[in-house]
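Visitor: Here's a sequence, model it:
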Amino acid sequence: LGAIYRNTYEKYLTLEIARALGEELSQYGNVEIFYTRESDTALTLKERAAYAASVDADVLISLHLNASREHNLFGSEVFVSAYGEKYAYGSGLGSRILSELVDYGFASKGVKTRLGSHGDYYGIIRECGSLGIPAIIVEHGYMDEDRDWGRMDSEEELQELGRRDAAGIAAYFGLEKGR
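Guide: The predicted structure follows:
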């Protein structure tokens, strides 16, 4: 389900962001967009990574919204693998996306790694990494904090987040619209 706050489920909001990201990114040349889900479907992290491998994905981008226990944190952050080329790739891509979110008014919490007892802490990054696919997690902002919520509390705002993500991706890959 992801974060639940303000009687709103993260999973529905991030699906809207993903649709807008795909729509915007499809306007650039030489891009194929695959969704791990296009409706309210449950997939394990292993299934998501396997799907990315089955379509020969260059990268898996996992979209999220945050919430905090004390409801007092705010800002955008991106998590990437801590290892080798996947770190370099993820850090570059994550920085471009984060720059777009900061330009939109979010505070930057940075591009980060997090280690656990089995390597990368986050399962999607770890599962994709085991299949040779870079993966990043984009935490757009906090649902439970008014500064961030104002940039995700309507369909228009969610679509703008998707367009911002797409602009960061396009900038990283040097894509141009219509080519």
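
Visitor: isn't residue 50 right next to residue 128, touching?
Guide: No: Residue 50 is beyond contact range of residue 128, at 9.6 Å (criterion: CB atoms under 8 Å). Using the backbone N, CA and C atoms, a C-beta is placed for each residue, glycine as well.

Visitor: would you list every one of the strands in the protein?
Guide: For the chain, the strands defined by DSSP state E cover 4-5, 8-9, 60-66, 76-80, 108-112, 115-116, 119-120, 135-142.

Visitor: circling back: more neighbours: residue 50 and residue 128, which one.
Guide: Taking other CB atoms under 10 Å, residue 50 and residue 128 do not tie; residue 128 has more neighbours (28 against 15).

Visitor: What's the separation between the more buried one and residue 54?
Guide: In this structure, residue 128 and residue 54 are 12 Å apart, going by CB to CB, to the nearest Å.

Visitor: Give me the common contacts of the two.
Guide: Counting by CB atoms under 8 Å, 6 or more residues apart in numbering, residue 128 and residue 54 have no shared contacts at all.

Visitor: quick one: low-confidence parts of this protein?
Guide: Scanning the chain for pLDDT under 70 picks out the ranges 1, 179.

Visitor: Break down it into its helices, ranges please.
Guide: Using DSSP state H, the helices found in the chain span residues 10-25, 45-54, 84-103, 123-130, 146-149, 155-173.
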